[in-house]
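Student: only geometry, no sequence info:
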């Protein structure tokens with residue numbers, strides 16, 4: 001049994017889509033567990049007992065806990081290789097994991113500087129500078145991902161099949177809207193994300209999380 005702990009719009013969207021892919025391929029289901037960050041449910045004692053970092057995503061597989069998105073994606077791929085969530089060939093797999101790690105350890109923390117500057121500075125002026133600099137850097141990161149979309153060998157980042165990279169790329173562009181970056185400024189990237197959103201596993205995760213794809217406000 002797999003229990004999946006997620007929060008709408010968070011990076012947990014990535015394994016959420018992966019689990020939907022696995023279900024469509026193998027019939028193996030999962031139990032979604034909503035964690036309401038705005039109500040600090042990730043800081044509740046019972047949640048911290050499972051995940052001391054108080055983060056999503058989290059998997060509980062037959063009573064065993066797995067955290068950290070790269071590890072979760074690796075596990076899900078290995079548990080259901082027929083889903084094709086990551087390449088099987090060693091070099092292609094390493095390259096895909098490199099991109100996944102970049103999304104997780106570079107793009108994601110940069111957005112955190114924009115969305116949660118209070119975590120990086122105390123006074124309001126310093127927070128404003130953290131946010132400004134983070135937004136500039138985040139826009140550069142989105143342009144780099146746009147280049148990955150341009151270089152993709154098919155409709156998805158790794159070619160003809162949906163991988164764990166695609167829902168992360170969708171999430172990062174969506175966050176760009178929250179950072180004040182108009183997705184219309186990246187039309188190729190935006191079109192790719194709109195195509196992703198039409199894929200059944202992605203659409204199922206979007207529906208469960210009740211996500212609005214474009215959150216940019218002028």
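Tutor: The structure has been received and is ready for your questions. Since the structure is predicted, the reported quantities are computational estimates derived from the model, not experimental observations. Numbers count the residues shown, from 1 in each chain.

Student: moving C-terminal of the helix or strand hosting residue 14, what's the next helix or strand?
Tutor: If you go by DSSP states H and E, residue 14 is part of helix 13-26. Once the chain leaves helix 13-26, the next helix or strand it forms, by DSSP H and E, is strand 31-34.

Student: quick one: whatever helix or strand comes next after that next one to chain centroid distance?
Tutor: Once strand 31-34 ends, the next helix or strand along the chain (criterion: DSSP H and E) is helix 45-50. Mean C-alpha position of helix 45-50 versus that of the full chain (Cα atoms, centre = their mean, to the nearest Å) differs by 23 Å.

Student: counting by contacts, list what the helix holding residue 14 packs against.
Tutor: Helix 13-26 sits against strand 2-6, helix 69-79, helix 165-178, helix 200-209, with contacts defined as 3 or more Cβ pairs under 8 Å, 6 or more residues apart in numbering; DSSP states H and E. C-betas here are computed from N, CA, C, even on glycine.

Student: buried ones in it?
Tutor: Neighbour-count burial for helix 13-26, counted by 16 or more other Cβ atoms under 10 Å, picks out 13-23.

Student: residue 153: which of the helices and strands packed on helix 13-26 is closest?
Tutor: helix 165-178 (12.6 Å; Cβ to Cβ).

Student: so which bits of the closest one are buried?
Tutor: So for helix 165-178, counting by 16+ other Cβ under 10 Å, buried means 165-177.

Student: packing partners for the longest helix that the chain contains?
Tutor: Identified as the longest helix of the chain according to DSSP state H is helix 124-151. Judged by 3+ Cβ pairs under 8 Å, 6+ apart, helix 124-151 is in contact with helix 108-115, helix 165-178, helix 187-197.

Student: got the angle between that helix and helix 187-197?
Tutor: Relative orientation of helix 124-151 and helix 187-197, computed by axes from the mean of the first three to the mean of the last three Cα atoms, to 10 degrees: 80 degrees.

Student: for helix 124-151, give the mean pLDDT please.
Tutor: For helix 124-151, the mean pLDDT works out to 96.

Student: what's the answer for stretch 56-66, then?
Tutor: Mean predicted confidence for stretch 56-66 is 97.

Student: for burial, what's the neighbour tally of the nearest residue to residue 54 once chain neighbours are set aside?
Tutor: Nearest residue to residue 54, sequence neighbours excluded (Cβ to Cβ, 6 or more residues apart in numbering): residue 42, at 4.4 Å. Residue 42 has 19 neighbours, counted by other Cβ atoms under 10 Å.

Student: what about residue 42, distance to residue 36?
Tutor: Distance of residue 42 to residue 36, computed by Cβ to Cβ, to the nearest Å: 8 Å.

Student: now the common contact residues for these two.
Tutor: residue 7 (Cβ atoms under 8 Å, 6 or more residues apart in numbering).

Student: re the thing from before, out of the helices and strands packed on helix 13-26, which gets nearest to residue 118?
Tutor: That would be helix 165-178 among the helices and strands packed on helix 13-26, by Cβ to Cβ, at 15.5 Å.

Student: next, the angle helix 200-209 makes with that closest one.
Tutor: With the same axes, to 10 degrees applied, the angle from helix 165-178 to helix 200-209 works out at 40 degrees.
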